[in-house]
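Participant: Quick one: sequence plus predicted model below, questions after.
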Amino acid sequence: MDPDLPPPDAARVWALMQAFVDRHSPRHRLRAELGDTLGKGRGKVMTLLDLTEGPRSLGEIAQARGVDPPYATEIVDRLEALGLAERTPDPADRRRRLVVLTAEGHRLAERVRIVVGTPPEPLLELSRDELGELERFLRRLAP
């Protein structure tokens with residue numbers, strides 16, 4: 001066996017995990033629920049959810065998303081164009097702008113939170129014992 005390759009059992013389980021996550025990704029459910037409102041990337045969805053916790057500067061958005069400032073600007077421009085967010089002056093520093101959600105942005109963020117937080121059907125079909133076992137394994141893998 002090649003020492004650079006994972007053991008066959010681990011590789012097989014990893015492939016199954018990836019297939020499950022890909023097949024039941026929240027992005028598919030979001031698209032079914034919201035259409036193409038937020039586009040294809042995760043940036044707008046995650047930024048929308050982040051903004052429910054309060055205003056953020058473009059720099060804070062870029063840092064939270066792990067993107068460069070110009071891309072954070074694109075994300076915010078798209079959210080603004082959709083009427084979900086707006087830039088406002090920072091009350092503590094008038095030279096700086098903050099991004100805040102509009103009322104529609106808050107409504108959509110709540111719908112997104114529900115979709116993303118709803119487990120896929122196959123997980124709902126597992127027994128309490130099966131879910132407990134799966135949780136124990138996952139906690140061991142992702143401490």
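Facilitator: It's in. Residues are numbered from 1 along each chain as shown.

Participant: What confidence value was assigned to Gln3?
Facilitator: Small correction: residue 3 is Pro, not Gln. pLDDT, Pro3: 66.

Participant: pLDDT on the helix or strand harbouring Met17, on average?
Facilitator: Taking DSSP states H and E as the definition, Met17 sits inside helix 8-23. Across helix 8-23, the average pLDDT comes to 89.

Participant: Give me the distance from the following helix or strand past it to the chain's centre.
Facilitator: Going down the chain from helix 8-23, the next helix or strand is helix 26-34, by DSSP H and E. Computed by Cα atoms, centre = their mean, to the nearest Å, the chain-centroid distance of helix 26-34 equals 12 Å.

Participant: Same check on stretch 74-90?
Facilitator: Between the mean C-alpha location of stretch 74-90 and the chain-wide mean there is a distance of 18 Å, by Cα atoms, centre = their mean.

Participant: now swap in stretch 134-143 and tell me
Facilitator: Stretch 134-143 has its average C-alpha position 21 Å from the chain's average C-alpha position, going by Cα atoms, centre = their mean.

Participant: same thing with stretch 29-46?
Facilitator: Taking the mean of its C-alpha atoms, stretch 29-46 sits 10 Å from the chain's own mean (Cα atoms, centre = their mean).
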